[in-house]
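Student: Got a predicted structure plus its sequence, pasted below:
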Amino acid sequence: MQQKAEQNTELVATEQQYGEDPTAVRETDQYRAEYIQSFVEKWDELIDWEGRAESEGRFFIDVLRSRGAHTVLDVAAGTGFHSVRLLEAGFDVTTCDGSAAMLARAFENGKQRQLILKTVQSDWRWLSKDVNGKFDAIICLGNSFTHLFDENDRRRALAEFYACLKHDGVLILDQRNYDAILDKGFSTQHKYYYCGDQVVAEPEYVDDGLTRFRYSFPDGSQYNLNMCPIRKNYMRKLLREAGFQTIRTYGDFQESHEEYDPDFFVHVAEKTFIEDAGQPEDETLADTAQAAADTAEAYYDDKAADQFYFNIWGGEDIHVGLYETTKDIKEASHLTVRKMCEKSGKVDADTKVLDIGAGYGGSARVIAREYGAPVVALNISEIQNERDRQLNREQKLDHLVTVKHGSYEDIPEADESFDLVWSQDAILHSGNKRKVFEEVFRVLKPGGRFIFTDPMQADVVSDPALLQPVLDRLHLDNMGSFALYRKLAREAGFTEGEHLELTHNLRTHYARVAEEVKADYDNLVKLSAEDYLQRMLKGLDAWVTAADAGNLAWGILLFQKPEAI
């Protein structure tokens, strides 16, 4: 106890200490010297308990209750806001912080509300030595995790969190949107976290390794915090590598959000073991595949993207169309569905169909309506899935079309359960295309067929520099090609069927979408964000340029699983 007391110099320090060059201070232990008593005494002015309670509503309470949590370890308690709120909601809370000054203030805040907090001072890197037992949930809030500058410290802390959770526990961890700060500059509405309207909190210095925040109070006093600007997808990667099985990320408490809009991200990471998840043979490939899946999910769950694709790209069908007989995007998109139905062989009420990357489910509804076939629509975007379910109900097809959230790299269906697997312009988002073919082969019955379209790169790319903007737009290192897909299909066990090369439609499609955006720009701005539309126009132009250079390909590919011998 005496050693810990000697370390708690923030209780007697009168000034923050950063040395001659504050921007050179990038050490995890610096937080002890930052939260001095005088700064902590003003912290609640910055938080504004009433404002923050109103802004976040019941988000954390609902997340915890939905997962059956009762015992909660608040590891970054600060002045106790969340510990008090959760106690008042009936949770069994242990209040923990590395700062003695913060912990003392939290205890006093609890007493003022007739609550006695169970407090523990602990550095996260040695958390399991200081707390007893295991918890249903751990919360690490207030952007606190970004005090950790060293990657080994970050991994050690997450390992300690994991160890202190029960087998089905959940970690809720938040962070500032450093992607926006690093890429676009700092802006904030102070609507959700730091709600004190008399306090200015903003960065005075930013680089890839440091965001130095300045906090200015009404009495003229100023304080600083040096934080490590951790990017969202890197944080998700650390959580996966720590062992968490399922991670959902919210932007300002909303599951669907634009990439740069939220002030804060909240990661909900679940420890529950996934049966037969197995250990990937190639962990690098698995990480790449997961990152690609995360990017695709976040992109299509974005509200602006949803409005754009549904209202402009083709409505129920958000894929490349056939333009030989029409210039209308929706009609051209529907013609692609018709052509694929024609090429896919016999389809009737006895044909079980799986649509992977189903989007809004337009193709699934055509198959169900016109052939009476039952269809499972598998898709990674929940915002698209909700619209898909709504359209199924409206068109009275929900008894034939079942919408499931999931990835085509890990299809949640039994072996040999489908006669036809269908996909339109979705596989390009995969970070492990080989796995997609293996999964499709697995779920197909002997003799089953796999028909799909996909925007691809040409077998021989004439000018890689013109292809790169397309890859950057998709956050990919490469795309599929006719040659690659034939190779992957053979290696998975498929026999080759008919293939239609229809690349000219790809160029026409992206050009037509750009024309429609420009023609109806003022109305679209009301549905989508202007910066989103500008990025989209730039991306569409990159597709047209790459197509004109002969770098892209598109068409219908058909493969068959051999009949059982």
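Tutor: Arrived safely.
Student: Centre of the chain to the strand ranked longest in the chain, how far?
Tutor: Taking DSSP state E as the criterion, the chain has its longest strand at strand 165-176. Counting by C-alpha atoms, centre = their mean, to the nearest Å, strand 165-176 is centred 16 Å from the centre of its parent chain.
Student: Let me know the next secondary structure element after it.
Tutor: Going down the chain from strand 165-176, the next helix or strand is helix 178-184, by DSSP states H and E.
Student: Name the spans of this protein whose pLDDT lies under the cut-off.
Tutor: Within the chain, the stretches with pLDDT under 70 are 1-7, 9-12, 187-197, 255-258, 273-317, 475, 477, 526-529, 532, 565.
Student: The longest strand of the chain pairs with which strands, parallel or anti?
Tutor: strand 135-140 (parallel), strand 264-270 (antiparallel) (DSSP bridges).
Student: where's the last one relative to the chain centroid, distance-wise?
Tutor: In this view, strand 264-270 has its centroid 10 Å away from the chain centroid, taken as C-alpha atoms, centre = their mean.
Student: Identify the residues contacting it?
Tutor: Applying C-beta atoms under 8 Å, 6 or more residues apart in numbering, the contact partners of strand 264-270 are 59, 63, 67, 143, 168-177, 192-193, 232, 235-236, 239, 244-253. Placement of C-beta: from N, CA and C, glycine included.
Student: Likewise for the first one?
Tutor: Surrounding strand 135-140, the residues in contact under the criterion C-beta under 8 Å, 6+ apart are 60, 64, 67-76, 82, 86, 94, 124, 161, 164-166, 168-174.
Student: make it 6 Å
Tutor: 64, 69-76, 161, 164-166, 169-173 (C-beta atoms under 6 Å, 6 or more residues apart in numbering).
Student: and the gap between Val525 and Glu56?
Tutor: Here the distance between Val525 and Glu56 works out to 29 Å (C-beta to C-beta, to the nearest Å).
Student: Which one's more surrounded, the two?
Tutor: Set side by side, Val525 and Glu56 show more neighbours around Glu56, with 22 against 12, by other C-beta atoms under 10 Å.
Student: What number of residues are in the vicinity of Pro412?
Tutor: Residues lying near Pro412 (other C-beta under 10 Å) number 11.
Student: Which secondary structure state is assigned to it?
Tutor: coil (DSSP: H, G, I helix; E, B strand; the rest coil).
Student: which ones are touching it?
Tutor: Gly406.
Student: give me that answer again for 7 Å
Tutor: 404, 406 (C-beta atoms under 7 Å, 6 or more residues apart in numbering).
Student: Hmm, Glu438 is touching Glu491, no?
Tutor: No: taking contacts as C-beta atoms under 7 Å, Glu438 lies outside contact range of Glu491: 8.6 Å.
Student: I'd like the distance between the nearest residue to Pro229 once chain neighbours are set aside and Asp29.
Tutor: Spatial nearest neighbour of Pro229, chain neighbours left out: Tyr178 (3.8 Å); criterion: C-beta to C-beta, 6 or more residues apart in numbering. Here the criterion is C-beta to C-beta. By it, Tyr178 lies 21 Å from Asp29.
Student: which of the two has more neighbours?
Tutor: Shown here are Tyr178 and Asp29; by other C-beta under 10 Å, Tyr178 has more neighbours (24 against 14).
Student: Isn't the more buried one up against Asn233?
Tutor: No: using C-beta under 7 Å, Tyr178 is not in contact with Asn233; the gap is 11.0 Å.
Student: hang on, the earlier thing: okay, the strands paired with strand 165-176, which one's buried deepest?
Tutor: Ranked by average neighbour count under the criterion mean count of other C-beta atoms under 10 Å, the strands paired with strand 165-176 are headed by strand 135-140 at a mean of 25.
Student: ok, now which ones touch Val170?
Tutor: Contacts were defined as C-beta under 7 Å, 6+ apart; by that measure Val170 touches 67, 69, 137, 268-271.
Student: Most widely separated two among the residues you listed?
Tutor: The distance between the two most remote of the contacts of Val170 (C-beta to C-beta) is 13.2 Å, for Ala69 and Ala269.
Student: export stretch 151-166 as PDB, just CAs?
Tutor: Coordinates of the C-alpha atoms in stretch 151-166 are reproduced here as PDB (Å, rounded to 0.1, in the frame of the first residue of the first chain):
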ATOM      1  CA  GLU A 151       1.300  -1.700 -28.700                       C
ATOM      2  CA  ASN A 152       2.600  -4.200 -26.100                       C
ATOM      3  CA  ASP A 153       0.700  -2.300 -23.400                       C
ATOM      4  CA  ARG A 154      -2.500  -2.300 -25.500                       C
ATOM      5  CA  ARG A 155      -2.200  -6.000 -26.100                       C
ATOM      6  CA  ARG A 156      -1.400  -6.700 -22.400                       C
ATOM      7  CA  ALA A 157      -4.400  -4.600 -21.200                       C
ATOM      8  CA  LEU A 158      -6.800  -6.400 -23.600                       C
ATOM      9  CA  ALA A 159      -5.400  -9.800 -22.400                       C
ATOM     10  CA  GLU A 160      -6.100  -8.700 -18.800                       C
ATOM     11  CA  PHE A 161      -9.600  -7.600 -19.700                       C
ATOM     12  CA  TYR A 162     -10.200 -11.000 -21.400                       C
ATOM     13  CA  ALA A 163      -8.900 -12.900 -18.400                       C
ATOM     14  CA  CYS A 164     -11.200 -11.000 -16.000                       C
ATOM     15  CA  LEU A 165     -14.300 -11.800 -18.000                       C
ATOM     16  CA  LYS A 166     -16.400 -14.900 -17.600                       C
END
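Student: Next, the buried residues of it.
Tutor: By 16 or more other C-beta atoms under 10 Å, the buried positions in stretch 151-166 come out as 153-154, 156-162, 164-165.
Student: As CSV, the residues you listed with distance to Leu506 and secondary structure would be great.
Tutor: Below are the buried residues of stretch 151-166 laid out as CSV (distance: C-beta to C-beta, whole Å; DSSP: H, G, I helix; E, B strand; the rest coil):
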residue, distance to Leu506, secondary structure
Asp153, 47, helix
Arg154, 42, helix
Arg156, 48, helix
Ala157, 47, helix
Leu158, 43, helix
Ala159, 47, helix
Glu160, 50, helix
Phe161, 46, helix
Tyr162, 45, helix
Cys164, 52, helix
Leu165, 48, strand
